[in-house]
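**Q** Attaching a predicted model along with its sequence, questions to come.
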Amino acid sequence: MLTILSFLIMLSVIVVVHEYGHYKVAVLCGVRVLKFSVGFGRPLIAWQLHPFQRVRSGKENPQQNSVFNEQTRSKSLPVADPSKTVFLISAIPLGGYVQMLDEREGSVGQDQLQFAFNQKSLRARAAVVAAGPMANLLLAILLYACVQWVGQLQPSAVLGHPLAGSFAEQADLRSGDRILGVKVLGQDTQYQSTATFKEFINSLINAKAYFQSEQPSVQELGATNSSVLLPQMVEIAIKRGEPLNTDAPQGEIGDGLDTTTSLEDILNMSPTQTLRIDLSRWRVSEHFQNAPQERLQALKELGLTGPRRAAIVSSVLEGGVAQNAGVKAGDEILKINGQSVADAQELIQIIHESVADSQAQSKSGASAVLNWQIKRKSAGKETLLTLELRPRTIQEDGKSIGRVDAIIGGSQELVFKRLGFWDGIVFAGRLTLDQAMSSLASFKSMVLGQLSWRELSGPLTLAEYAGKTAQGGWASFVSFVAFVSVSVGVLNLLPIPVLDGGQLLYYLWELFTGSAPSAVWSSRLMRFGLGVVLLMMCAAMFNDVLRLIG
């Protein structure tokens, strides 16, 4: 129920804002708006404003330029005033539309021509069409800004155990290092503050983008060896040696994230040392922000496993390896085979790498035995236990890894971050612009075949994420609505007939040629655009079904 309700709320907000953008600019440009509908199909409720009154929906009578004909007359519901907009809520809540007075859609009396959309100037028509997508982008900025004004808890930039042999490990980054700031050598004169883990990742992404745009390529340098790369050095200020608090209560997945730290305290800290990391061999896809798989791959290559989490078992699978060995939810793992475990990330790595050597595995298919030293809290008492587990072996990405059938990861430190009025707007504007550009880049890559169409998401996936973000709190839900609003705005600006961007493309043609496309070409392009949109919808629905079935 929450999933359906949150999806409908999200969709309604985005549709109403989009159509209101068209409606408001049309009114300002002197265009008469006949209908403003949320949803398609049969109208369920119809009313007019100024004064507010319910009316009965019916077929338009073009001869009288009226939204309702004589059949709509009723003793209980009055006939609509043809000079005012009729607002509708229709049966199919998957979009909406604004119907304007237009000679192309019906006859218009001489006294009404001045209010017809097709009689307005090219600039006015373009403004009306562009207003919908622009309203979606403005909505995203407002929603993102609201989240920043109110503030929210975010994972702090305290690192988990880096992957073995990764760039992060080679730079001597360790579990528990708090990243205080990042400086791009050759660009920045001072450190950019990174109080949250997301800020730390974004600072590295921005540094990589700077190097790629500013440094000449190997070919431009005339290098004969393609492996020759210019160094791309980033300096990181860290605070090392802080203990991890594991006393926060643990429960189901997602609980226990209540270890908070003051943002002011973090920003006032002095670094204990600085480290340098070379990003020259770090490959970052242009789809990093939009494609989850690309993002995971980039972070994995860098060696960052996420914010530090306690080595605590959140839950165990019924009948799995961990449960059969006596492991319970809430157990904290102190040592594995006598070696101390720094955090959940290191524990997961040890489990994955516990598979036996290839010769032993070819004979038995079993993984190594792990002796877990566990601290268990029960009824206010702590008990130390030693349990023996033999992880089962599975294949993942062509490699053998160990699994214990448990979800591992306890509390992580959170920092409360809030921005002022103008800072919040600037942050929201930049985030909206970045997402819009990333969406455009993704669409371009899909057309060129550089990005799989499997990345397209349909209504089922959107509904699923709407429900999940609603469960995560108002801030996550509002941020998701903003994200979808950006996507809708960008999608509508694509130069595809039947979309707003396609109409703007017609106006661009009219601007340079002095006349609109012919009726024949308009009809052909409309059919082509409709086919493209239907193809995209089918692909998105197909991807949704594939995700649901596994």
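**A** Cool, the structure landed. Residues are numbered from 1 along each chain as shown.

**Q** What sits closest to the most centrally placed residue in the chain if chain neighbours are left out?
**A** Among the residues of the chain, Phe483 comes closest to the average C-alpha position under CA atoms, centre = their mean, at 5.6 Å. Once flanking residues are discounted, Phe483 sits nearest to Gln435: 6.6 Å by CB to CB, 6 or more residues apart in numbering. (C-beta placed from N, C-alpha, C; glycine too.)

**Q** circling back to that earlier point, ok, and what's touching the host helix or strand of the residue nearest to the centre of the chain?
**A** In this assignment (DSSP states H and E), Phe483 forms part of helix 474-492. Contacts with helix 474-492, where a contact means CB atoms under 8 Å, 6 or more residues apart in numbering, come from 6, 10, 13-14, 17-18, 132-137, 139-140, 143-144, 146-147, 150, 152, 432, 435-436, 439-440, 443, 462, 465-466, 469-470, 499-501.

**Q** Which of the residues you listed fall within strands?
**A** Using DSSP state E, the subset of these located in strands is Gln152.

**Q** Quick one, which of the contacts of helix 474-492 are buried?
**A** Buried members of these, counted by 16 or more other CB atoms under 10 Å: 6, 10, 13-14, 17-18, 132-137, 139-140, 143-144, 146-147, 152, 432, 435-436, 439, 443, 462, 465-466, 469-470, 499-501.

**Q** out of those, which are inside helices?
**A** When the buried ones among the contacts of helix 474-492 are checked against helices (DSSP state H), the matches are 6, 10, 13-14, 17-18, 132-137, 139-140, 143-144, 146-147, 432, 435-436, 439, 443, 462, 465-466, 469-470, 500-501.

**Q** Show me the shaky parts of the stretch 301-450 of the chain.
**A** Along the stretch 301-450 of the chain, segments meeting pLDDT under 70 span 356-367.

**Q** Do a quick rundown of the helices in it.
**A** 321-325, 344-352, 358-364, 421-448 (DSSP state H, counting those that start in this stretch).

**Q** Show me the one of the ones you listed that comes nearest Val313.
**A** Nearest to Val313 among the helices of the stretch 301-450 of the chain is helix 321-325 (6.9 Å), distances taken as CB to CB.

**Q** for that closest one, packing partners?
**A** Contact here means 3 or more CB pairs under 8 Å, 6 or more residues apart in numbering; DSSP states H and E; on that basis helix 321-325 packs against strand 313-316, strand 381-389, strand 406-408.

**Q** one more time with 7 Å, if that's ok
**A** strand 313-316, strand 381-389 (3 or more CB pairs under 7 Å, 6 or more residues apart in numbering; DSSP states H and E).

**Q** Would you mind finding the most buried of those strands?
**A** With neighbours defined as mean count of other CB atoms under 10 Å, the helices and strands packed on helix 321-325 peak in mean count at strand 313-316, which reaches a mean of 22.

**Q** for stretch 411-427, which positions count as buried?
**A** 411-415, 417, 419, 424-425, 427.

**Q** Please compute how far it lies from its chain's middle.
**A** 18 Å (CA atoms, centre = their mean, to the nearest Å).

**Q** Could you do stretch 94-105 as well?
**A** 31 Å.

**Q** likewise stretch 26-36?
**A** 34 Å.

**Q** Stretch 324-340 now?
**A** 35 Å.

**Q** residues in contact with it?
**A** Outside stretch 324-340, the residues within contact range by CB atoms under 7 Å, 6 or more residues apart in numbering are 246, 250, 310-316, 341, 347, 350, 370-377, 387-389, 406.

**Q** where does this structure have low pLDDT?
**A** 50-53, 56-82, 188, 215-229, 242-260, 285-295, 356-367, 550.

**Q** Break it into its domains for me.
**A** 31-119, 121-151+420-550, 155-214+229-302, 313-412 (automatic domain parsing).

**Q** and of those, who's closest to Leu2?
**A** Judging the domains of the chain by CB to CB, what sits closest to Leu2 is domain 121-151+420-550, at 5.4 Å.

**Q** coming back round to it: take the helices of the stretch 301-450 of the chain and write them to TSV, including distance to Lys208.
**A** TSV is the format used below for the helices of the stretch 301-450 of the chain (distance: least, CB to CB, whole Å):
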stretch	distance to Lys208
helix 321-325	38
helix 344-352	23
helix 358-364	36
helix 421-448	14
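
**Q** Please identify which of the ones you listed is closest to Val33.
**A** Comparing the helices of the stretch 301-450 of the chain by CB to CB, helix 421-448 comes nearest, at 27.3 Å.

**Q** The closest one packs against which elements?
**A** helix 122-150, helix 474-492.

**Q** Now tabulate the ones you listed in CSV and tack on distance to Arg283.
**A** Shown next, in CSV, are those (distance: least, CB to CB, whole Å):
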stretch, distance to Arg283
helix 122-150, 29
helix 474-492, 25
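
**Q** Extract the C-alpha trace of stretch 386-403 and format it as PDB.
**A** The C-alpha coordinates for stretch 386-403 follow below in PDB (Å, rounded to 0.1, in the frame of the first residue of the first chain):
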ATOM      1  CA  THR A 386      34.300 -19.100  19.500                       C
ATOM      2  CA  LEU A 387      32.400 -20.700  16.600                       C
ATOM      3  CA  GLU A 388      33.700 -22.600  13.600                       C
ATOM      4  CA  LEU A 389      32.300 -21.800  10.100                       C
ATOM      5  CA  ARG A 390      33.100 -23.300   6.700                       C
ATOM      6  CA  PRO A 391      31.800 -20.800   4.100                       C
ATOM      7  CA  ARG A 392      30.200 -22.300   1.100                       C
ATOM      8  CA  THR A 393      31.800 -21.600  -2.300                       C
ATOM      9  CA  ILE A 394      29.900 -19.900  -5.100                       C
ATOM     10  CA  GLN A 395      30.900 -18.400  -8.500                       C
ATOM     11  CA  GLU A 396      30.700 -14.700  -9.000                       C
ATOM     12  CA  ASP A 397      32.000 -12.800 -12.000                       C
ATOM     13  CA  GLY A 398      34.000 -15.900 -13.000                       C
ATOM     14  CA  LYS A 399      35.700 -16.200  -9.500                       C
ATOM     15  CA  SER A 400      35.200 -18.500  -6.600                       C
ATOM     16  CA  ILE A 401      34.200 -16.700  -3.400                       C
ATOM     17  CA  GLY A 402      33.000 -17.700   0.000                       C
ATOM     18  CA  ARG A 403      29.500 -17.000   1.500                       C
END
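
**Q** for it, the distance to its chain's centre please.
**A** 32 Å.

**Q** ditto for stretch 450-466
**A** 11 Å.

**Q** What of stretch 83-97?
**A** 29 Å.

**Q** Tell me what Arg99 is bridged to.
**A** Just so we're on the same page, residue 99 is Gln rather than Arg. Lys35 (DSSP bridges).
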